[in-house]
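Engineer: Coordinates only, no sequence provided:
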């Protein structure tokens with residue numbers, strides 16, 4: 001947080017410059033947040049390349065998983081699974097500034113390398129989602 005404290009998050013170039021010049025220990029904080037959540041037992045655990053297969057194994061055990069969160073389908077699925085009114089399942093919508101920041105971060109090659117495990121996992125999740133959609137059709 002201290003490293004980014006003086007960053008103007010409304011300035012795309014300032015964000016890009018700050019990340020490109022970030023020290024390795026700061027960039028390491030971006031490493032595989034999604035994979036890390038699925039496989040690590042501690043926030044300080046290092047996540048290796050083999051963690052992607054472990055994360056896929058963990059995800060395969062989920063009854064409900066929705067990678068997009070762009071509509072009410074997750075709330076509907078949870079409601080159906082728990083046999084409750086989906087209107088009682090309250091999810092916070094993704095905030096616009098986070099979406100805008102993610103678009104900026106997506107264009108920074110330095111972060112693409114740091115997020116490599118997450119990108120690999122996301123690739124397999126999207127493929128599974130497409131297969132599931134095709135099977136429903």
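Structural biologist: On my side now, so go ahead. Quick caveat, the model's predicted, so the values are computed rather than measured. Numbers count the residues shown, from 1 in each chain.
Engineer: ok, and what's touching the helix or strand bottoming out on mean pLDDT in the chain?
Structural biologist: Every helix and strand of the chain was ranked by mean pLDDT, DSSP states H and E. The lowest is helix 96-106, at a mean of 81. For helix 96-106, contacts defined as CB atoms under 8 Å, 6 or more residues apart in numbering pick out 9, 12, 15-16, 19, 111. Quick note: C-beta positions are derived from backbone N, CA and C, even for glycine.
Engineer: who's in contact with the closest residue to residue 40 other than its chain neighbours?
Structural biologist: Distances taken as CB to CB, 6 or more residues apart in numbering place residue 47 nearest to residue 40, at 6.2 Å, with adjacent residues excluded. Residue 47 makes contact with 31-32, 35-36, 39-40, 117, according to CB under 8 Å, 6+ apart.
Engineer: Can you tell me which of the residues you listed is closest to residue 90?
Structural biologist: Nearest to residue 90 among the contacts of residue 47 is residue 36, at 26.2 Å by CB to CB.
Engineer: before we move on, back to that, with neighbour count added, can I get the contacts of helix 96-106 in CSV?
Structural biologist: Formatted as CSV, those follow (neighbours: other CB atoms under 10 Å):
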residue, neighbour count
9, 13
12, 14
15, 19
16, 16
19, 20
111, 20
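Engineer: follow-up on the earlier one: could I have the buried ones of the contacts of residue 47 as PyMOL selection syntax?
Structural biologist: Provided next is the PyMOL selection string for whichever of the contacts of residue 47 are buried by 16 or more other CB atoms under 10 Å:
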select buried, resi 31+32+35+36+39+40+117
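Engineer: Including pLDDT, secondary structure and distance to residue 79, could the contacts of residue 47 go into JSON lines?
Structural biologist: Listed next are the contacts of residue 47 as JSON lines, based on pLDDT from 0 to 100; DSSP: H, G, I helix; E, B strand; the rest coil; distance: CB to CB, whole Å:
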{"residue": "31", "pLDDT": "81", "secondary structure": "coil", "distance to residue 79": "35"}
{"residue": "32", "pLDDT": "78", "secondary structure": "coil", "distance to residue 79": "31"}
{"residue": "35", "pLDDT": "90", "secondary structure": "helix", "distance to residue 79": "28"}
{"residue": "36", "pLDDT": "88", "secondary structure": "helix", "distance to residue 79": "29"}
{"residue": "39", "pLDDT": "90", "secondary structure": "helix", "distance to residue 79": "29"}
{"residue": "40", "pLDDT": "87", "secondary structure": "coil", "distance to residue 79": "30"}
{"residue": "117", "pLDDT": "86", "secondary structure": "helix", "distance to residue 79": "32"}
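Engineer: Appreciated, that's everything.
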